[in-house]
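Participant: okay, structure incoming, though there's no sequence with it:
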Ligand code: SF4
């Protein structure tokens, strides 16, 4: 069966949506911050991103959830910069280093060609857009460029959850799998540690919209995600992630059949070692408490990362080749700078 974005391409709807999103860049409201800068003229808002997409790494990623990575890897496109500023960000080398990231600007045609290489050259099961919230217009434009080149694999939207509903609506029928974070249940901590005002309401509304579009996770006969929602929740030390409140909300307000991915890989990266509440890994008691919560809430779909998973999932975007594994460097795709 043809993916939805191919049908939308042939009907002209993909182009209409790409144009509508591009027009919004003139007074940017692409994410909940609504900075209102003119990104078409390369004015910079909170995300420090102009008109062109910034693509910091492209690779076959084998460390995602099993239904996403499969046997051949998920074709991952890491966008540079971010609309949040988590003090513990494990991708801080590309998310909070905007001066350097300017050199990773790329035109949409080149990004489309990279997607095709992930699909055909590396045989990846899907295209996985990581941190796409501030680049939705160019994500859609690149997909429109990639369809006539032969793009056919499912698309995965892998975000921090701080997404605009209006922008997500333009992805309806385009994205097969939504993979958002639900990081906090407290706006106080979201503001203090991620500089994201009203995160709780924004992320919950976004997750509701994602679920409206794709529903529960559907897995094909080979064990790969065909469509659906997977909500990621990173356990933070000292209860800062509000695991009980967030997981209870998911089950009671979204769906008792929701698929969750509990991540135990927290490590005090970036500036977190200087923040007392965030300066250590999680304890086995904290891990066990979330495990028990999953059982108490009757959550049956998803994964819980083992304790000790911390280091093996950490990327290094300054390593030459693949950010996750030097052995996999043959999968790396060199990026090319663009001028327009
Ligand atoms: S995408 Fe960037 S410029 Fe636009 S509203 Fe969000 S942070 Fe501001």
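Facilitator: The structure has been received and is ready for your questions. Given the structure is predicted, the values throughout are model-derived calculations rather than measurements. Numbers count the residues shown, from 1 in each chain.
Participant: residues in contact with the residue of the stretch 151-300 of the chain found nearest the ligand?
Facilitator: Proximity to the ligand, evaluated over the stretch 151-300 of the chain using C-beta to the nearest ligand atom, is greatest for residue 164 at 7.8 Å. Backbone N, C-alpha and C define where each C-beta goes, glycine included. Taking C-beta atoms under 8 Å, 6 or more residues apart in numbering as the criterion, residue 164 is in contact with 29, 30, 31, 32, 133, 206.
Participant: how deep is the nearest residue to residue 95 once chain neighbours are set aside tucked in, by neighbour count?
Facilitator: Leaving aside its sequence neighbours, residue 95 sits nearest to residue 82 (C-beta to C-beta, 6 or more residues apart in numbering; 4.0 Å). Other residues within reach of residue 82 by the criterion other C-beta atoms under 10 Å amount to 26.
Participant: wait, a helix at residue 216?
Facilitator: No: the assignment for residue 216 (DSSP: H, G, I helix; E, B strand; the rest coil) gives coil, which keeps it out of a helix.
Participant: per-residue pLDDT of it, please?
Facilitator: We have a pLDDT of 98 for residue 216.
Participant: for the chain, which segments count as helices?
Facilitator: 4-11, 13-24, 66-69, 92-95, 98-101, 108-116, 136-146, 165-169, 187-194, 199-214, 243-249, 284-297 (DSSP state H).
Participant: need the winner for burial among these.
Facilitator: Greatest average neighbour count among these goes to helix 136-146 (a mean of 25), per mean count of other C-beta atoms under 10 Å.
Participant: which other helices and strands contact it?
Facilitator: helix 4-11, helix 13-24, helix 108-116 (3 or more C-beta pairs under 8 Å, 6 or more residues apart in numbering; DSSP states H and E).
Participant: among those, which comes closest to residue 177?
Facilitator: For the helices and strands packed on helix 136-146, the distance to residue 177 is smallest for helix 4-11, at 12.0 Å, taking C-beta to C-beta.
Participant: does stretch 184-195 reach the ligand?
Facilitator: No: contact of stretch 184-195 with the ligand (C-beta under 6 Å from any ligand atom) is absent, the minimum separation being 10.9 Å.
Participant: and the contacts of that stretch?
Facilitator: Under C-beta under 8 Å, 6+ apart, the answer for stretch 184-195 is 84-88, 160, 183, 196-201, 203, 240-246, 249, 275, 278.
Participant: what mean pLDDT does it get?
Facilitator: Averaged across stretch 184-195, the pLDDT comes to 98.
Participant: and if you look at stretch 137-150?
Facilitator: Stretch 137-150 comes out at a mean pLDDT of 98.
Participant: still on that earlier bit, got JSON lines for the helices of the chain, with distance to residue 220 too?
Facilitator: Output for the helices of the chain, formatted as JSON lines (distance: least, C-beta to C-beta, whole Å):
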{"stretch": "helix 4-11", "distance to residue 220": "16"}
{"stretch": "helix 13-24", "distance to residue 220": "24"}
{"stretch": "helix 66-69", "distance to residue 220": "9"}
{"stretch": "helix 92-95", "distance to residue 220": "31"}
{"stretch": "helix 98-101", "distance to residue 220": "36"}
{"stretch": "helix 108-116", "distance to residue 220": "20"}
{"stretch": "helix 136-146", "distance to residue 220": "21"}
{"stretch": "helix 165-169", "distance to residue 220": "24"}
{"stretch": "helix 187-194", "distance to residue 220": "35"}
{"stretch": "helix 199-214", "distance to residue 220": "14"}
{"stretch": "helix 243-249", "distance to residue 220": "27"}
{"stretch": "helix 284-297", "distance to residue 220": "25"}
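Participant: done for today, thanks.
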